[in-house]
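# structure for the following, please:
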Amino acid sequence: MKVLFLGTGTSTGVPVIGCQCDVCLSTDPKNKRLRSSILVQSESTTVLVDSCPDLRQQALSHHLTSIDAVLYTHEHLDHTAGFDEMRAFCWHREDKLPLYAGTACLQQLRRMFGWAFAAENTYKGYIRPDAHDHGGRPFSIGDIEVTPVLVQHASVETYGYVFRNGGKSFGYVPDIKTLPEDSALLLQGLDALAMDALTTREHRTHLTVADCVQLMGKLAPSRGFLTHCGHAVDYSLTCSETPDYITPAYDGMLLSL
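Below is the predicted model:
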C-alpha cells in the first residue's frame, strides 16, 4: 500500500493570499501547501480521499488520470469544492464513479452538486456518482479495507479513516479537535498515522502541533505525520521540535507501507 500526499495545507493553502509572514515568504518547497487530500493505492486499487479545490493542479502535477473511487471525510468546501474536476476521471469510464461518505456529508454533496446525482444525468463521461453512505461502518474498496473513525470537528459530522492492505495499516485524520474514546481504539498502534496539526496556538476546531504530538504519543503509531497545516507551521522548525517518529507531511510525499 502506498499513500501519496496530494496536499497538506489548511483551507487557505500556504502561502496565504496577501500574507507576508516568514512561512508564506519561505523558499522551502515543503512550506508550499495545497489543500489537504491524499491518494491511497494498492497493487489494484486507487482511492482519492476528498476532492479539494486544488484537485486539478494536484492531478496534473502527479500525472493522475484515473481513480477507482473517491472517499470524503466531511462536507467543508476545502474538502469538496474540487468535485467537478473529477470529470477528468470519468471521460473513459463506462460505469459510475463509486463515492463513499458519511450520512451528513452525502446529503450535503447531493445538495451542492444535485445535477451529478440527478436521475436524468445519463451523459457518458460526465460525473455520475455511485453513492454509498457508509454510515460509520467498515467497508472495502477493491482490495483496500476501510474503517471510518468518527471524530469531533466544528459542528459537522467528520470522519477519519483507517486503510488496510497487505497486512499494513494507515490512518488519516485531517480535521479533528477531539477524539472520542471508541474512535481512539480504532487508531491505536497503526503502522502510520497522519493527523491534523493546523497551527501552534490554541484553535477552536483543530488540533495544534503540540496537541497532535501529544495525541500520537497515546495512539503510538510506528510513524506519525502532521497534515492540514497552516502558515504558522514551518517545516524545518517543526521537524526539529517533534519526536523522531513524527514529521510534518509535505505535498508530493510518497509513503510506502
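# rest of the way, CA atoms for contacts and neighbours
Fine.
# where in the protein is pLDDT low?
Across the chain, nothing is flagged by pLDDT under 70.
# all helices of the stretch 151-257 of the chain, in order?
181-186, 209-219, 235-241 (DSSP state H, counting those that start in this stretch).
# could those go into TSV alongside distance to Gln20 and mean neighbour count?
Formatted as TSV, these follow (distance: least, CA to CA, whole Å; neighbours: other CA atoms under 10 Å):
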stretch	distance to Gln20	mean neighbour count
helix 181-186	38	13
helix 209-219	22	18
helix 235-241	17	13
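# looking at those helices, which is closest to Thr10?
Closest to Thr10 of these, according to CA to CA: helix 209-219, at 13.2 Å.
# residue nearest the centroid of this structure?
The residue lying closest to the centre of the chain (CA atoms, centre = their mean) is Ser37, at 3.9 Å.
# give me every residue that touches that residue.
5-8, 48-52, 79 (CA atoms under 8 Å, 6 or more residues apart in numbering).
# let's see 7 Å
Residues in contact with Ser37 (CA atoms under 7 Å, 6 or more residues apart in numbering) are 5-8, 49-50, 52.
# so which of these belong to strands?
5-7, 49 (DSSP state E).
# and those, which is closest to Ala249?
Among these, and counting by CA to CA, the member closest to Ala249 is Phe5, at 7.4 Å.
# for the closest one, list each beta-bridge partner.
Ile38 (DSSP bridges).
# try Arg164
Glu145, Ser169.
# residues near it, how many?
21 (other CA atoms under 10 Å).
# how about Leu60?
That count, for Leu60 with other CA under 10 Å as the rule, works out to 10.
# for it, what are its contacts?
Per CA under 7 Å, 6+ apart, neighbours of Leu60: none.
# quick one: distance of stretch 155-165 to the chain centre.
9 Å (CA atoms, centre = their mean, to the nearest Å).
# which residues touch that stretch?
Counting by CA under 7 Å, 6+ apart, 1, 73-74, 104, 143-152, 169-173 sit against stretch 155-165.
# could you list the buried residues of it?
Judged by neighbour count using 16 or more other CA atoms under 10 Å, the buried positions of stretch 155-165 are 157-165.
# the residue lying farthest from the centre of the chain and Asp78, how far apart?
Distance from the C-alpha centroid of the chain peaks at Glu120, with 30.8 Å (CA atoms, centre = their mean). Distance, Glu120 to Asp78, by CA to CA, to the nearest Å: 28 Å.
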